[in-house]
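**Q** Compute the structure for the input listed below.
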Amino acid sequence: MTDEVILQVKDLRTYFYTDAGVVKAVDGLTFDLHKGETLGLVGESGSGKSVTNLSVINLIQTPPGKIEGGEVLFYGEDLLKMNDARLREIRGNRIAMIFQDPMSSLNPYLKISTQMIETICLHQGLNKKAAKEKAIEMLKLTGIPAAEKRIDGYPHQFSGGMRQRVMIAMGLSCNPDILIADEPTSALDVTIQAQILDLMQDLTHRLGTAVILITHSLGVVAGVCDTIVVMYAGRIVERGTTEDIFYDTKHPYTQGLIKSVPRLDRDDEGRLFSIEGQPPNVVDLPDCCPFYPRCRKALAVCKNRYPPVVPFSGTHSAACWLYAQKDGGTLSAEDTTK
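**A** Alright, predicted model coming up:
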């Protein structure tokens, strides 16, 4: 990882307009991605992680969704203001994507070779012969055995793990600056998950690619990410380095996520920890801490106002009223009453 910032997301807001009301799926998201960095976006289902991914590459379907504000600066150029032709030059080329289910991304009627060659020819300007050689090379890098033969197979002829390896090969075939991986291991068993994560880490380090890894599991990002951003109800509740998040956890939600990860070195009398309650309904969510109903440490102020972002260091911050005094503010007796 270097100090060069290649992606800046500033106050990103993506809303969905439904009959039930306005869903603020992403509400004021801000983060930076450095060259070669692996950043993890973590949170429960419905926290806004995947909508963030689609918003960054300007793929929100309108209607019902709409990117209401913010900037997504890729090397200083705002992706949200680009025309379709310019976006096509970047998507799949300089910013690549891997989705949760490869079978929904791969065309079942086309051979793997056809799909990979088309992508490489479109973005790299190679002829079909050179593109096929490049595709075979990438399949070999991702551990596909007998790549010269398997490249002419159809998606259904590959196992789930092998299909995900094909998606990684396709995503990295154009040497992208950024790889966005949206729950890339959730449909795989634990052994294959570890193999895929190790493969992604090895290849991205070798190619110098930055990664945005989207997952609901802190256990997945623990050994992979440099920076972790924890999301809840469309907002960032805590961010920091991996060491900050795991060894100096601040937000009660992050603490709950960490305690929910099964561990062999902890005796919990056979009971797994879970966060009480359910994620909030984000339709017309009031201006309060959305985690308040589930938080064991909640204060009275939590149900009336959204907390400020409190910095703890240059890399670590959290949005929580428990630490508001650290930000130079004070709370009244009424505010601190639970």
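**Q** What ranges does the stretch 201-338 of the chain have for its strands?
**A** Under the criterion DSSP state E, counting those that start in this stretch, strands of the stretch 201-338 of the chain are mapped to 210-215, 227-232, 235-241, 309-311, 317-319.
**Q** Could you point out which of those strands sits nearest Thr30?
**A** strand 235-241 (7.3 Å; CB to CB). Every C-beta, even on glycine, is put in place using the N, C-alpha and C of the backbone.
**Q** so where is the stretch 201-338 of the chain shaky, pLDDT-wise?
**A** For the stretch 201-338 of the chain, the stretches with pLDDT under 70 are 262-270, 325-338.
**Q** what about Ala85, how many neighbours?
**A** When counting by other CB atoms under 10 Å, one arrives at 7 neighbours for Ala85.
**Q** for Val309, that is, sorry about that
**A** So Val309, with other CB under 10 Å, has 17 neighbours.
**Q** shouldn't it be in contact with Ala319?
**A** Yes. Between Val309 and Ala319 there is a contact at 4.9 Å, judged by CB atoms under 8 Å.
**Q** which neighbours do these two share?
**A** Common neighbours of Val309 and Ala319, using CB atoms under 8 Å, 6 or more residues apart in numbering, are Ile236.
**Q** Let me have the strands of the stretch 201-338 of the chain in CSV, extended by distance to Arg13.
**A** Output for the strands of the stretch 201-338 of the chain, formatted as CSV (distance: least, CB to CB, whole Å):
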stretch, distance to Arg13
strand 210-215, 18
strand 227-232, 14
strand 235-241, 10
strand 309-311, 16
strand 317-319, 16
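**Q** Quick one, which of those strands gets closest to Ile67.
**A** Closest among those, once you apply CB to CB, is strand 235-241, at 15.9 Å.
**Q** Residues touching the closest one, excluding its own?
**A** Contacts of strand 235-241 (CB under 8 Å, 6+ apart): 27-31, 48, 226-231, 245, 248-251, 253-254, 290-291, 306, 309, 312-313, 315-320.
**Q** again, but for stretch 157-165
**A** By CB under 8 Å, 6+ apart, stretch 157-165 touches 98, 102-103, 106, 112, 139, 142-144, 150, 155, 166, 184-185, 187-188, 192, 195-196, 199.
**Q** Write the ChimeraX selection for whichever of these are buried.
**A** Buried subset of the contacts of stretch 157-165, written as a ChimeraX selection, criterion 16 or more other CB atoms under 10 Å:
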select :98,102,106,112,139,142,143,144,150,155,166,184,185,187,188,192,195,196,199
